[in-house]
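Novice: here is a sequence together with a model predicted from it:
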Amino acid sequence: MRRLTLRLMRWVSWARGLCAALLVFGAVCAFPQQCQAAIYNSWEGFSSSQNPNGVWTYGRTDHPGSTTIVVYQDLGPIYDEHLGGWLTFWYDENHTNPWARYMPCVYQVDAIAGQVHSLRFHPGWLPDADYSVVRWTAPGAGTSDIWVTFTGADLGTKDVFVYYNGNLFDSADLALFESHSYSSPAIAVEAGDMIEFIVGNGGDDGWADSVTLDATVRWAPVPEPGTLIVWSLLGASAISGGWWRRRKRAG
């Protein structure tokens with residue numbers, strides 16, 4: 001009888017150890033998934049039906065770096081003679097020419113360039129001379145990395161900017177076919193923080209100042225505090241349980 005009792009106790013101890021190991025294994029497997037990063041791209045996230053669209057917003061401002069923008073409310077077709085077809089774009093019918101639109105294909109005709117699968121935006125003409133803004137808004141607390149390339153797609157000179165919550169991260173002047181790239185290391189963000197990609201008229205009349213934008217933001221969420229606490233307790237329980245069993249056997 002005593003031998004059977006000892007055998008049962010060993011089986012119970014083994015089962016407890018197995019459960020503890022499974023809990024720790026579950027923590028290792030599940031925790032990274034809960035912290036999985038999301039990738040947001042400017043043209044992949046473009047919507048021709050709603051604005052804002054998730055993390056992306058298209059609008060205009062009279063001053064780069066202002067965290068207040070006027071969101072484009074008008075959705076209209078524009079005929080592109082180089083494509084020989086109609087494209088959908090966001091604009092403000094009360095102002096002259098700032099807009100944002102998706103480019104589905106590539107072309108190069110005369111002095112106009114297009115890139116396959118890209119977002120193109122354009123500042124306003126004089127006298128308004130508004131800046132066109134593509135804004136990414138953080139969905140929650142975490143860290144964000146930025147990669148962006150601006151490419152001049154029209155004859156005019158234009159200036160481009162990257163702002164974070166009204167703070168200038170980068171700027172450049174572009175001519176036709178010129179490109180400018182920028183990337184940032186991970187920055188801490190809170191829900192509602194804004195990264196803005198902006199184009200202006202570069203000091204000319206703004207007539208031919210469209211720019212192709214390829215922006216990617218990688219956002220990694222901060223783990224929930226409760227999740228960290230639970231898995232820490234489970235891990236501590238498994239370790240302490242193993243230590244206690246070894247101590248009993250040693251005694």
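Specialist: Nice, thanks for sending it over.
Novice: next, count neighbours for the closest residue to Asn97 other than its chain neighbours.
Specialist: Closest residue in space to Asn97, ignoring its immediate chain neighbours: Trp125 at 4.8 Å, by CB to CB, 6 or more residues apart in numbering. (Each C-beta comes from the backbone N, C-alpha and C, glycine too.) Counted with other CB atoms under 10 Å, the neighbours of Trp125 add up to 19.
Novice: Trp125 against Ser210, yeah?
Specialist: No: Trp125 is beyond contact range of Ser210, at 12.0 Å (criterion: CB atoms under 8 Å).
Novice: retrieve the pLDDT associated with the nearest residue to Ile69 once chain neighbours are set aside.
Specialist: Excluding its sequence neighbours, the residue lying closest to Ile69 (CB to CB, 6+ apart) is Gly59, at 3.9 Å. Gly59 is assigned a predicted lDDT (pLDDT) of 96.
Novice: what's the answer for the one 10 residues further on, then?
Specialist: Among the per-residue scores, Ile69 holds a pLDDT of 95.
Novice: contacting residues around it?
Specialist: Applying CB atoms under 8 Å, 6 or more residues apart in numbering to Ile69 gives the contacts 57, 59-61, 133, 135, 196.
Novice: still on that earlier bit, any idea what the residue nearest to Ile69 is bridged to?
Specialist: When bridges are called by DSSP bridges, Gly59 pairs up with Val71, Val133.
Novice: could you confirm Phe46 falls within a helix?
Specialist: No: counting by DSSP: H, G, I helix; E, B strand; the rest coil, Phe46 falls outside a helix, being coil.
Novice: gap between it and Arg120?
Specialist: Distance from Phe46 to Arg120, counting by CB to CB, to the nearest Å: 10 Å.
Novice: can you check Asp170 too?
Specialist: With distances taken as CB to CB, Asp170 is found 19 Å from Arg120.
Novice: ok, back up a step: could I get the contacts of Ile69 in CSV, plus columns for distance to Tyr40 and neighbour count?
Specialist: As requested, the contacts of Ile69 are arranged in CSV below (distance: CB to CB, whole Å; neighbours: other CB atoms under 10 Å):
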residue, distance to Tyr40, neighbour count
Thr57, 12, 20
Gly59, 17, 23
Arg60, 21, 25
Thr61, 21, 20
Val133, 16, 27
Arg135, 12, 20
Glu196, 14, 26
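Novice: the helix or strand hosting Ile146 packs against which elements?
Specialist: Element membership for Ile146 (DSSP states H and E) is strand 142-152. Secondary-structure packing of strand 142-152 (3 or more CB pairs under 8 Å, 6 or more residues apart in numbering; DSSP states H and E): strand 158-164, strand 167-174, strand 179-189, strand 194-200, strand 211-221.
Novice: tell me the mean pLDDT for the first one?
Specialist: Just to be clear, that refers to strand 158-164. Rounded mean pLDDT across strand 158-164 is 97.
Novice: tell me the angle that strand makes with strand 142-152.
Specialist: Orientation of strand 158-164 against strand 142-152 (axes from the mean of the first three to the mean of the last three CA atoms, to 10 degrees) gives an angle of 180 degrees.
Novice: burial count for Ser181?
Specialist: For Ser181, using other CB under 10 Å, the count is 12.
Novice: show the pLDDT at it.
Specialist: At Ser181, pLDDT is 97.
Novice: residue contacts, the residue nearest to it when sequence neighbours are not counted?
Specialist: Closest residue to Ser181 apart from its sequence neighbours, by CB to CB, 6+ apart: Thr149 at 4.5 Å. Contact analysis of Thr149 by CB under 8 Å, 6+ apart lists 179-181, 213-215.
Novice: also Gly76?
Specialist: Contact analysis of Gly76 by CB under 8 Å, 6+ apart lists 88-89, 91, 93.
Novice: is it possible to get CSV of these that adds distance to Ala37 and secondary structure?
Specialist: CSV is the format used below for these (distance: CB to CB, whole Å; DSSP: H, G, I helix; E, B strand; the rest coil):
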residue, distance to Ala37, secondary structure
Thr88, 30, strand
Phe89, 31, strand
Tyr91, 33, strand
Glu93, 38, coil
